[in-house]
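**Student:** Pasted the sequence and its predicted model underneath.
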Amino acid sequence: MEFKITRAPFRGFGAFQLKEGVYFAVSLSAFKECGVNIYDLSDDTKVYSFTFDRDLCYGDVYTVLIKGLSLKGRGYRFFCGDKEMVDRFAKGIAGNEVFGEGVETDKLYGIIPSRPSPSGFAEDRPISIPYEDSVIYLAHVRGLTMADSSVGKYKGTFKGIVSKIPYLQKLGVTSLLLMPVYEFIERKKPKKVPISVPGVTSFRNEEGEDNLNYWGFCRAFPYAIKASFAADFRLHWQPQAGAAQPAQHRGERRQRAAAVPADRRGKGDGHPPDA
């Protein structure tokens, strides 16, 4: 398939799927070879690599339209020199769909969610409850319902919280304030470090790598909704027509996780760590 790369008017950072192709905008070094790599989400194979010409740049911001490209079933990572990076402005992140399991940061990808933005909110208006009459409930999406059998298979998800709204209203709650719902890395897969003992070949986990960040107050992806809080995260990745069946590891892991009810995904009981 042939693609054409052109400079595009700036319309915001990140990636957008347009009718004619994919728009990218990113700030990268002006002194290194930079561009974007495209990956098949079913097996993590790199399918395309596009290098950005300096003519596509305004200052240090590249604004690019790759005509003919589709990101359906695919993820992307920018590169600059020999370093790859995930787009901090990505509208979705693939690779961390199972809460607490641990992720390989080099297997995280920016994506364009395959479902359109929700509609039906045009007539919504602020409820305008005076501050002195407000009862604001601070909640963690996963923690609020993980131990609540009344929400069934929707434990720990946005749908689980929605099902509790009538109950919260009866308690007098007027507003919900949610702790971070953007995509964040709650646990990295620990790196194996050799143990220096004569005559013994063994490894330990690198210190600090296996800690669970339950709350999400950290450097993150503020424009992407956290996939593990969704009742069905498969909206994030829909395969290309005619794509091969997912191979081992990632594609198989995603399919396996998608078949597991939300309340059983992730390690432990889903409760926050002891204070």
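**Tutor:** The structure has been received and is ready for your questions. Just so it is clear, the model here is predicted, and its values are computed rather than measured.
**Student:** Helix, strand, or coil at the residue positioned nearest the centre of the chain?
**Tutor:** Geometric centre of the chain, nearest residue: residue 93, 2.6 Å, by C-alpha atoms, centre = their mean. Three-state call for residue 93 (DSSP: H, G, I helix; E, B strand; the rest coil): strand.
**Student:** correct me, but it touches residue 221?
**Tutor:** Yes - if you go by C-beta atoms under 8 Å, residue 93 and residue 221 touch, sitting 5.2 Å apart. Just so you know, the C-beta spots here come from the backbone N, C-alpha and C atoms, and that holds for glycine as well.
**Student:** where do the contact lists of these two overlap?
**Tutor:** Both residue 93 and residue 221 are contacted by 86, 183, under the criterion C-beta atoms under 8 Å, 6 or more residues apart in numbering.
**Student:** Okay, and the beta partners of the residue nearest to the centre of the chain?
**Tutor:** Beta-bridge pairing for residue 93 (DSSP bridges): residue 110.
**Student:** Would you state the helices of the stretch 51-200 of the chain in chain order?
**Tutor:** 141-145, 158-170 (DSSP state H, counting those that start in this stretch).
**Student:** can you pull the pLDDT of the residue nearest to the centre of the chain?
**Tutor:** Residue 93 carries a pLDDT value of 95.
**Student:** who's in contact with it?
**Tutor:** Contact analysis of residue 93 by C-beta under 8 Å, 6+ apart lists 86, 108-111, 183, 221, 224, 227.
**Student:** re earlier: single out the most deeply packed of the helices of the stretch 51-200 of the chain.
**Tutor:** Neighbour counts (mean count of other C-beta atoms under 10 Å) averaged over each of the helices of the stretch 51-200 of the chain peak at helix 141-145, with a mean of 23.
**Student:** related to what we said a few turns ago, among the helices of the stretch 51-200 of the chain, which is nearest residue 72?
**Tutor:** helix 158-170 (23.8 Å; C-beta to C-beta).
**Student:** Would you mind pulling the contact partners of the closest one?
**Tutor:** With C-beta under 8 Å, 6+ apart as the test, helix 158-170 has contacts from 137, 139, 141, 144-145, 148, 150-151, 154, 176, 178, 181, 229-231, 262.
**Student:** Of these, keep whichever come out buried.
**Tutor:** 139, 141, 144-145, 148, 151, 154, 181, 229-231, 262 (16 or more other C-beta atoms under 10 Å).
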